[in-house]
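Peer 1: below: sequence and its predicted model.
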Amino acid sequence: MPGFEVFGEEERRAINELFELNGGILFAHGFDAMRKGVYRVREFEAAFAARMGAPHAQAVSSCTAALRVALEALGIGPGHEVVIPCFTFVATAEAVIQTGADLVVVDVDRSLNMDPEALSAALTNRTRAVIPVHMMGAPADMDRIMAVAERHGLLVLEDAAQACGGAWRGTPLGTIGHMGAFSFDAGKVIITGEGGMVVTRDQDLFVRARAFHDHGHEYSGTVGRGEEGAIGNGFNYRMTELQGAIGLVQLGKLDMILEAQRRNKARLMGLLKGLPFEFRTILDPGELGDSLIFYLPDREAAAGFVDGLKREGLGTKNVPDAMRWHFAKHWGYMFKRYGWYRDSWREQWQRSADLLERAVALPVMVKMTDERIAEIAEKCLRIAEEI
Ligand SMILES: Cc1ncc(COP(=O)(O)O)c(C=O)c1O
């Protein structure tokens, strides 16, 4: 998901421009008399909201912060249970922990996203929210997850950290549930170094998110920052103008990045069709196309395939190389500390483990040439013959 592949001259110009226009006011708010009308974070928020077709976007310092801020806006706290999938980046769990709510972790299906049936089976009378995560660019089954949520009155926060620009049945990911969270960290589809965004269609949720991300500020618009009141407590999860300026440029490249990735993935997929393996189930063509995942027959075969890739100078993307950060079976330290799955976490999520232990993810890049794609495919087909 390589915003970093198309990062350079335009972003540098946007930073220089900040200094040329007003001397470099890097705070998103205040300094109104000095900043000559330059508000890059606000512009980025407006442009992002427009691109997503949602009325409200709040820029924050990371997606981890976006998840935390959104959960606060949704009123999640002690006594509530929040359901997440067992395959996600650890940040999804960390944000829930920060609220004081209890974490409930459920299996993924062959799409490697939350299994809606596992969600249904995990509900209790304390379940308040669910966080579907659109992992590795591909949408979770939002029709079925939303149906479960509506039936049981659950709040839905989409973790779209890895899926900015993706869509489900034509609707942008991150705008289907009550709130959505996005990441612009250095490895994502568009990047601001570190950075994130909260998106919602609900004015009240937006006001609460905006306040919590900035020490509770009410953003009255009528008095100066120092004089205005707080609508509650908060924290500092603000984005800087540097990030806002870069974000605007990168957002302008999003559709070009998506088009290139989807084209390259389709080409690679076409050449790898002959592999005798099952491919990850992709539920909607609105995926980002930044990875191609297949399941080997067993974990030994998967390990052999990964060794073969290494010998050929090729890498994988998170699966299996960063599983410790992405699969709940590795989070015993968390379960021990908070008491969830205290004695059973080693035995949990076995169905997902069976899939993940056999999965291999090939990265798909923006700048892959046809020759490079053909070379990767040829190597993969050869490795498959050898193992
Ligand atoms: C699914 C998921 N959620 C949340 C995050 C956290 O994003 P950030 O690095 O912007 O805090 C990530 C980052 O990799 C992620 O992949």
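Peer 2: Nice, I can see it.
Peer 1: residues in this structure within reach of the ligand, list them.
Peer 2: Contact residues (Cβ under 6 Å from any ligand atom) of the chain with the ligand: 62-64, 88-89, 91-92, 133, 159, 161-162, 183, 185, 196. Using the backbone N, CA and C atoms, a C-beta is placed for each residue, glycine as well.
Peer 1: strands - which of those land there?
Peer 2: Asp159, Ser183, Gly196 (DSSP state E).
Peer 1: any chance of the residues you listed in a markdown table, plus neighbour count?
Peer 2: Output for those, formatted as a markdown table (neighbours: other Cβ atoms under 10 Å):
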| residue | neighbour count |
| --- | --- |
| Asp159 | 30 |
| Ser183 | 30 |
| Gly196 | 30 |
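Peer 1: ok so, going back, could you dump the residues of the chain next to the ligand into JSON lines and include pLDDT and distance to Leu309?
Peer 2: Shown next, in JSON lines, are the residues of the chain next to the ligand (pLDDT from 0 to 100; distance: Cβ to Cβ, whole Å):
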{"residue": "Ser62", "pLDDT": "98", "distance to Leu309": "31"}
{"residue": "Cys63", "pLDDT": "98", "distance to Leu309": "28"}
{"residue": "Thr64", "pLDDT": "98", "distance to Leu309": "30"}
{"residue": "Thr88", "pLDDT": "98", "distance to Leu309": "24"}
{"residue": "Phe89", "pLDDT": "98", "distance to Leu309": "22"}
{"residue": "Ala91", "pLDDT": "98", "distance to Leu309": "27"}
{"residue": "Thr92", "pLDDT": "98", "distance to Leu309": "28"}
{"residue": "Val133", "pLDDT": "98", "distance to Leu309": "26"}
{"residue": "Asp159", "pLDDT": "98", "distance to Leu309": "28"}
{"residue": "Ala161", "pLDDT": "98", "distance to Leu309": "25"}
{"residue": "Gln162", "pLDDT": "98", "distance to Leu309": "21"}
{"residue": "Ser183", "pLDDT": "98", "distance to Leu309": "26"}
{"residue": "Asp185", "pLDDT": "97", "distance to Leu309": "25"}
{"residue": "Gly196", "pLDDT": "98", "distance to Leu309": "31"}
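Peer 1: relative to Pro116, which of those residues is nearest.
Peer 2: Set against Pro116, the nearest of these by Cβ to Cβ is Val133 (13.3 Å).
Peer 1: number of residues surrounding that closest one?
Peer 2: 27 (other Cβ atoms under 10 Å).
Peer 1: again with the one 4 residues further on
Peer 2: As a burial measure, the neighbour count of Gly137 was computed by other Cβ under 10 Å and equals 26.
Peer 1: same check, this time on Lys317
Peer 2: Using other Cβ under 10 Å: Lys317 sits among 20 other residues.
Peer 1: that one and the ligand, how far apart?
Peer 2: According to Cβ to the nearest ligand atom, to the nearest Å, Lys317 stands 12 Å off from the ligand.
Peer 1: and if you look at Gly75?
Peer 2: From Gly75 to the ligand the distance is 21 Å (Cβ to the nearest ligand atom).
Peer 1: what residues of stretch 280-296 count as buried?
Peer 2: 280, 282-284, 286-296 (16 or more other Cβ atoms under 10 Å).
Peer 1: now stretch 370-382
Peer 2: Quick answer for stretch 370-382 (16+ other Cβ under 10 Å): Ile373, Ile376, Ala377, Lys379, Cys380.
Peer 1: show me those that map onto helices.
Peer 2: Ile373, Ile376, Ala377, Lys379, Cys380 (DSSP state H).
Peer 1: for these, give me a markdown table that also has pLDDT and distance to Phe48.
Peer 2: Output for those, formatted as a markdown table (pLDDT from 0 to 100; distance: Cβ to Cβ, whole Å):
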| residue | pLDDT | distance to Phe48 |
| --- | --- | --- |
| Ile373 | 98 | 31 |
| Ile376 | 98 | 33 |
| Ala377 | 97 | 35 |
| Lys379 | 97 | 38 |
| Cys380 | 97 | 36 |
